[in-house]
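Enquirer: what's the 3D shape of this:
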Amino acid sequence: MEIIISEIRAYPITFNFEELKTGIINKLETYKGLVYDDAQIKTAKADRAKLATFRDTLESKRKEIKAQQAEPYMDFEAKIKELVALINEPLDEIDSQIKKFENAKKDQKRAEIEAFWLTLTDESEINRVEIGRIFNERWLNVTYKSEDVMKELTDLADRLKSEFDVLNTKTEFKDELISKFFETLELGKVLQHELVLQNEKKRREQVQVQTQTQPQEKVFHRNVAPAEQPQQAAEVPTVENTFGTETLKLQFVVNSFQKEKLRDCIREYEIPCSVIN
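Expert: The predicted structure is shown next:
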């Protein structure tokens with residue numbers, strides 16, 4: 001079957017184009033450079049109305065002719081769409097059956113891939129890696145041969161087993177590294193994580209060493225009865241200092257007079273201090 005067009009009336013629409021163009025150009029010459037003063041605003045509005053009316057007349061005729069010319073095409077288009085709808089009905093049914101067949105083939109191929117992965121990993125530590133994590137939808141394409149898919153899976157399983165064996169020989173951070181491996185399935189990222197763990201361990205050890213080598217703060221307590229009057233200043237224990245200045249925490253029980261003298265002493269020797277509540 002073929003479509004046969006009996007007649008197409010395709011011809012230019014003729015009208016007095018040149019006559020109108022010449023007349024419009026000549027008429028518009030009178031408006032070039034024309035300036036209206038306040039007294040001529042009424043004239044300006046009249047001129048604008050004439051030009052707008054003629055413009056609207058041309059536009060109206062254009063739309064009229066367009067509708068007339070479009071009418072036969074609209075009739076043709078509707079009839080063609082009706083014919084296409086008749087064809088689409090059985091076409092859609094055939095497409096549905098083809099898609100159903102292709103989906104069944106994909107489901108069968110998917111099942112074969114999943115079964116093969118299980119045979120590769122069943123008796124090894126990488127059986128924790130489910131097929132969904134590494135599945136490639138392109139494997140289901142008709143153009144992707146099953147033997148190529150099986151080779152990719154075999155290579156992947158061999159790589160994962162080899163990398164797991166490397167991590168399984170670790171003596172430090174072993175559990176954390178293996179956990180990271182099954183999270184990423186990439187040995188490179190696991191080794192980067194190992195460096196982070198090692199650096200963190202070194203930092204903690206350095207902090208511990210610094211803490212142990214720092215001098216211990218010394219706290220002295222001196223009890224003085226509240227009614228005690230100023231006596232000879234108590235002897236302050238001397239502490240050998242090999243680190244420069246040293247922080248001493250001292251607690252005094254004093255009356256108001258003693259408190260003032262103690263403050264004068266601190267000021268005289270410019271001893272930095274702070275109040276501990």
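Enquirer: what's around residue 161, how many residues?
Expert: Here the number of neighbours of residue 161 (other C-beta atoms under 10 Å) works out to 14. Where you see a C-beta, it was placed from the backbone N, CA and C, and this is true even at glycine.
Enquirer: Now do the contacts for it.
Expert: Residues in contact with residue 161 (C-beta atoms under 8 Å, 6 or more residues apart in numbering) are 124-126.
Enquirer: out of these, who has the most neighbours?
Expert: residue 126 (20 neighbours).
Enquirer: Let me see the confidence value for that residue.
Expert: Residue 126 carries a pLDDT score of 91 in this model.
Enquirer: Please name the nearest non-neighbouring residue to it.
Expert: residue 160 (4.6 Å; C-beta to C-beta, 6 or more residues apart in numbering).
Enquirer: pull the longest helix from the protein.
Expert: helix 41-121 (DSSP state H).
Enquirer: Which strands or helices does that one pack on?
Expert: helix 131-134, helix 146-168 (3 or more C-beta pairs under 8 Å, 6 or more residues apart in numbering; DSSP states H and E).
Enquirer: From residue 164, how far off is residue 189?
Expert: According to C-beta to C-beta, to the nearest Å, residue 189 and residue 164 sit 14 Å apart.
Enquirer: Looking only at neighbour counts, state which of these two leads.
Expert: residue 164 (20 against 13).
Enquirer: I'd guessed that one sits against residue 180; true?
Expert: No. Using C-beta atoms under 8 Å as the test, residue 164 is too far from residue 180 to be in contact (11.8 Å).
Enquirer: And residue 251, which helix or strand is it part of?
Expert: For residue 251, the element it lies in under DSSP states H and E is strand 248-252.
Enquirer: buried ones in the next helix or strand after that strand?
Expert: Going down the chain from strand 248-252, the next helix or strand is helix 256-268, by DSSP H and E. Residues residue 258 are the ones in helix 256-268 that count as buried (16 or more other C-beta atoms under 10 Å).
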